[in-house]
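Q: build the 3D model from these lines:
(chains A, B and C)
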Amino acid sequence: MDVLAVLNLSDIAVYFSKLTMFPLFDLAYYIVSILYLKYEPGAVDVSRRNPIASWLCAMLYCFASYIMADVLLGESPLHYFNNTSHVLLASAVWYLIFYCPLNLFYKCVTFMPVKLALTAMKEVVRVRKISVGVIHAHHAYHHGWIIMALVGWAKGAGVALISNFEQLIRGVWKPETNEFLNMSFPTKASLLGAVIFTLQQARWLPISKNNVVFLFTIFMIVTKVFMTATHSHWSPFAPIEAFICPIVFRNTCVTSDDHDRVYSRDNTHSCSPCNLSPYTAKTKEELNEGTRKKKCKKTE
Amino acid sequence: MDVLAVLNLSDIAVYFSKLTMFPLFDLAYYIVSILYLKYEPGAVDVSRRNPIASWLCAMLYCFASYIMADVLLGESPLHYFNNTSHVLLASAVWYLIFYCPLNLFYKCVTFMPVKLALTAMKEVVRVRKISVGVIHAHHAYHHGWIIMALVGWAKGAGVALISNFEQLIRGVWKPETNEFLNMSFPTKASLLGAVIFTLQQARWLPISKNNVVFLFTIFMIVTKVFMTATHSHWSPFAPIEAFICPIVFRNTCVTSDDHDRVYSRDNTHSCSPCNLSPYTAKTKEELNEGTRKKKCKKTE
Amino acid sequence: MDVLAVLNLSDIAVYFSKLTMFPLFDLAYYIVSILYLKYEPGAVDVSRRNPIASWLCAMLYCFASYIMADVLLGESPLHYFNNTSHVLLASAVWYLIFYCPLNLFYKCVTFMPVKLALTAMKEVVRVRKISVGVIHAHHAYHHGWIIMALVGWAKGAGVALISNFEQLIRGVWKPETNEFLNMSFPTKASLLGAVIFTLQQARWLPISKNNVVFLFTIFMIVTKVFMTATHSHWSPFAPIEAFICPIVFRNTCVTSDDHDRVYSRDNTHSCSPCNLSPYTAKTKEELNEGTRKKKCKKTE
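A: The predicted structure follows:
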């Protein structure tokens, strides 16, 4: 911890851990989350025709992490909805993003510098959620290390893990893929974060909670802001996966070209994109940045 | 409340609130619910080949509202099944409707005057359930207004909200639509009722609980009996929706003809029927009254 | 109980009831369960490309019965994952079955005498789980006989009841069938066992708990070992069903030939295989024994 001491990082980490998330950071989280909902094909259409279905999806995008963590720990899935002000704030964001006259709000928040700031703030909330999820599970199961990691993962990955069912509300059903078969960077990073925080909680890592949360937040912000700014598909996990997976899991990764070929030849065969390939197809959030954005504008 | 006082409605409302639901009103609820199951295409076939799947669906039709409310409040989904006599009564109704020799029971309960009486009684139970659901949620979350409305809604709308999964038990899968995308009158009315009862619970409405429950029950009975008697598709909410929705949600409702055209042209596009249109396609329960009834008789 | 007394079965039953399941019997349960996962078409492919999805499916195959029972009783679905050693043991079995060099572990455990022994041990665990499930539900709901039977059933049938959702993780979606529409022998037997144990718990059967568990275990071992050894599709319930069902449920069972014909003609019609027919199509587990085994070897 000497390096951290020299850099005075510990003090910053303590200060950072006292930062309150509501309303500013949570607002950023809601805005970026509901933006991703708007990028989904057909979402604008659903918002016009079925506001209630659209609102339900928006709530899942904002609060699925709480819902899932509560379900996994045997509590009420609606527990977080007791925070009426949070739900009203998220509902206001949903309304502004989908129905604001002249699409003004959408144009403001997708202006690149604003969006990068919001993305950075969202990652702060995400890492905080993972950390809180692990501690929440630790309170319920003192030695349930696997439970802690799974709850932390659910808190970080949020709606992605139940995207099949979120899509179902909008009348979309894509059973041939899901987040487990084609993990996006945030989902993988959340899993990594949940495992690290669980190890820290178990006192198997010689680092304080504040420091590990702070460092992981920095990592997430840098990576996500870089990916958002460059519309990049590069994943920092790709080289590690490319090295480890063929040895440990005997997997013979196909490139995304190979995959497309295989998939188009026989799409009933449960051949799913390799989530371990460095050449993996664009992830959901990455796709949102590019192609779907255009579609969305077209629909407006 | 002066008008109510003059009409002596308060006394009637108090008397009405003391009415016990079991067994008479619950029996009517089970009969009408399982009738709607029998109207579903393929349901009779499933009952012949897979009695257990059919029984499970019947239990969902009768008790989904309790199951959902318990799940939403973090309790055991089977909690209500502790009332063995209720489950046995519902099972007896299921058996009589599907397997009674000469289809006698079915013929009796679908005789129009009987059916109208049963429908009226079902609405009494439905409104009581919404009211109890809101109070149940209020006990768990004193200021969780959104939770109260959602639990009340789930109690009123019942199996409709999870119809995709109920159908799945019978081997039917229609992901392109669901109750959120194409809300039937009872689902909309349940949402309205849940919101009204929540406002009353929050003391934002200057009316007593007994009175509001009584008046809403009258509204539901009149509307549903009228709809059942005339096989009508008219919804009392249509004019209000047609006025409010274009302003608030910028929606450009399509008529059902337009919708059919759009839908047949491209059914992979998540274009769902407008739940706000006054010309909306027949709802599930309304369809049951007409077309499906014939199919059912044919199958018999 | 005189016959049992003469045969000294009561003592054996008491001794048997004291047998601990962990780690030996549980190990056998995990091995046989994950073998069935490997027999599923596409499962080996998923294990190569998406180890996390494969691991999740393996955990469902091993622990779905606990997850479902906990969900049905309103507890945390991850409750059982508090037993870290059990989860690690199951994970080790998953790794060895899917990734062991030269497929050595798989070849060992599918060697017929070994497999028969493991199958017998799995049935011991299954019956014990049903019994514990009924008692668990009895503690929560003293007179909830239906809840006891349902929880016991979920504990015995395990992943089969939620196979649609387990397949979904692997990107496979077969909505036209499920375990309720096409019940396999273990699912039917689990239901029977759960009902018997519930009747015993309610003191409606003049037999002690140890004896009834012991006798039912013997029945399950003999039947399943016979079915596994002979790759047989014969079900001991078939004659009883063929006698009772036409009378009670007015069902006109089709033979599997008829069914195939009907099904191929129109697979959108929710015509599902008769789960009551003595000539019913091969069940999932039985299919695994034969056809899928070959496929699996081919994929290796």
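Q: okay, CA-based contacts and neighbour counts for the rest of this
A: OK.
Q: distance check, whichever residue of chain A sits closest to chain B against chain C.
A: When scored by CA to the nearest CA, chain A has residue A:76 as its residue closest to chain B, at 3.6 Å. From residue A:76 across to chain C, the span is 10 Å (CA to the nearest CA, to the nearest Å).
Q: ok, now which ones touch that residue?
A: A:67, A:70, B:71, B:72, B:73, B:74, B:75 (CA atoms under 8 Å, 6 or more residues apart in numbering or on different chains).
Q: now it: closest residue in space, sequence neighbours ignored.
A: Nearest residue to residue A:76, sequence neighbours excluded (CA to CA, 6 or more residues apart in numbering or on different chains): residue B:74, at 3.6 Å.
Q: repeat for residue A:96
A: Residue A:96's closest residue in space is residue A:105 (CA to CA, 6+ apart), at 6.1 Å.
Q: need the three-state assignment for that neighbour.
A: Per DSSP: H, G, I helix; E, B strand; the rest coil, the local secondary structure of residue A:105 is helix.
Q: hang on, the earlier thing: does the residue nearest to residue A:76 touch residue A:67 like I think?
A: No: judged on CA atoms under 8 Å, residue B:74 makes no contact with residue A:67 at a distance of 10.9 Å.
Q: thinking again about what came up before, check the secondary structure at the residue nearest to residue A:76 for me.
A: coil.
Q: against residue C:137, how distant is it?
A: 17 Å (CA to CA, to the nearest Å).
Q: comparing these two, which residue is more hemmed in?
A: residue C:137 (25 against 22; other CA atoms under 10 Å in any protein chain shown).
Q: follow-up on the earlier one: which residues are common contacts for residue B:74 and residue A:67?
A: Contacts common to residue B:74 and residue A:67, judged by CA under 8 Å, 6+ apart, are A:76, A:77.
Q: near chain C, which residues of the stretch 101-250 of chain A?
A: Neighbours of chain C within the stretch 101-250 of chain A, by CA under 8 Å from any CA of the partner chain: A:141, A:143-147, A:175-178, A:180-182, A:248-250.
Q: quick one, which of these are buried?
A: A:141, A:143-147, A:175-178, A:180-182, A:249-250 (16 or more other CA atoms under 10 Å in any protein chain shown).
Q: quick revisit: mind putting the contacts of residue A:76 in TSV, pLDDT included?
A: Shown next, in TSV, are those (pLDDT from 0 to 100):
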residue	pLDDT
A:67	98
A:70	97
B:71	97
B:72	97
B:73	97
B:74	96
B:75	96
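Q: any regions of chain A where pLDDT drops low?
A: Applying pLDDT under 70 to chain A picks out residues A:1-6, A:251-300.
Q: show me which residues of it sit near chain B.
A: A:42, A:45-53, A:71, A:74-79, A:81-84, A:99, A:168-173.
Q: on the three-state scheme, the residue lying closest to residue A:47 once chain neighbours are set aside is what?
A: Using CA to CA, 6+ apart and skipping the chain neighbours, the partner closest in space to residue A:47 is residue A:54 (5.0 Å). Using three-state DSSP, the structure places residue A:54 in helix.
Q: distance of residue A:54 from residue A:87?
A: 14 Å.
Q: mind listing residues that contact the helix or strand containing residue A:195?
A: Counting by DSSP states H and E, the element that carries residue A:195 is helix A:185-201. For helix A:185-201, contacts defined as CA under 8 Å, 6+ apart pick out A:127, A:130-131, A:134-135, A:145, A:148-153, A:156-157, A:160, A:179, A:205-209, A:212-213, A:216, A:220, A:235, A:283.
Q: can you pull the buried residues of stretch A:100-108?
A: A:100, A:105, A:106.
Q: the residue most central in space within chain A: what's it in contact with?
A: For chain A, the residue nearest the mean C-alpha position is residue A:157 (4.2 Å; CA atoms, centre = their mean). For residue A:157, the contact set (CA under 8 Å, 6+ apart) comprises A:65, A:186, A:187, A:190, A:191.
Q: neighbour-wise, which of those leads?
A: That'd be residue A:65 among those, by other CA under 10 Å, with 27 neighbours.
Q: regarding it, what is its secondary structure?
A: Classified using three-state DSSP, residue A:65 is helix.
Q: returning to that earlier point: only whichever of the contacts of helix A:185-201 are buried, select them in ChimeraX.
A: Buried residues within these, by 16+ other CA under 10 Å, are selected in ChimeraX with:
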select /A:127,130,131,134,135,145,148,149,150,151,152,153,156,157,160,179,209,212,213,216,220,235,283
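Q: among the contacts of helix A:185-201, which are in helices?
A: A:127, A:130-131, A:134-135, A:145, A:148-153, A:156-157, A:209, A:212-213, A:216, A:220 (DSSP state H).
Q: and of the contacts of residue A:76, the nearest to residue C:164?
A: Of all the contacts of residue A:76, residue C:164 sits closest to residue B:71, with 20.6 Å by CA to CA.
Q: element containing the closest one, please.
A: helix B:51-72.
Q: which helices and strands does that helix pack with?
A: helix B:24-39, helix B:43-49, helix B:84-99, helix B:145-157, helix B:163-169 (3 or more CA pairs under 8 Å, 6 or more residues apart in numbering or on different chains; DSSP states H and E).
Q: how about 10 Å then?
A: Helix B:51-72 sits against helix B:24-39, helix B:43-49, helix B:84-99, helix B:112-140, helix B:145-157, helix B:163-169, with contacts defined as 3 or more CA pairs under 10 Å, 6 or more residues apart in numbering or on different chains; DSSP states H and E.
Q: tell me which of these is the most buried.
A: helix B:145-157 (a mean of 28; mean count of other CA atoms under 10 Å in any protein chain shown).
Q: I'd like the buried residues of stretch A:100-108 laid out as a markdown table, including distance to residue B:29.
A: Output for the buried residues of stretch A:100-108, formatted as a markdown table (distance: CA to CA, whole Å):
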| residue | distance to residue B:29 |
| --- | --- |
| A:100 | 43 |
| A:105 | 47 |
| A:106 | 47 |
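Q: if we can go back for a sec, how close does the residue nearest to residue A:47 sit to residue A:34?
A: 10 Å.
Q: surely residue A:144 and residue C:86 touch.
A: No: here residue A:144 lies out of contact with residue C:86, judged by CA atoms under 10 Å, at a distance of 11.7 Å.
Q: intersection of neighbour lists for these two?
A: residue C:80 (CA atoms under 10 Å, 6 or more residues apart in numbering or on different chains).
Q: shared neighbours, residue A:54 and residue A:34?
A: A:60, A:94, A:95, A:98.
Q: ok, those vs residue C:22, which is closest?
A: Nearest member of the shared contacts of residue A:54 and residue A:34 to residue C:22, counting by CA to CA, is residue A:60, at 39.9 Å.
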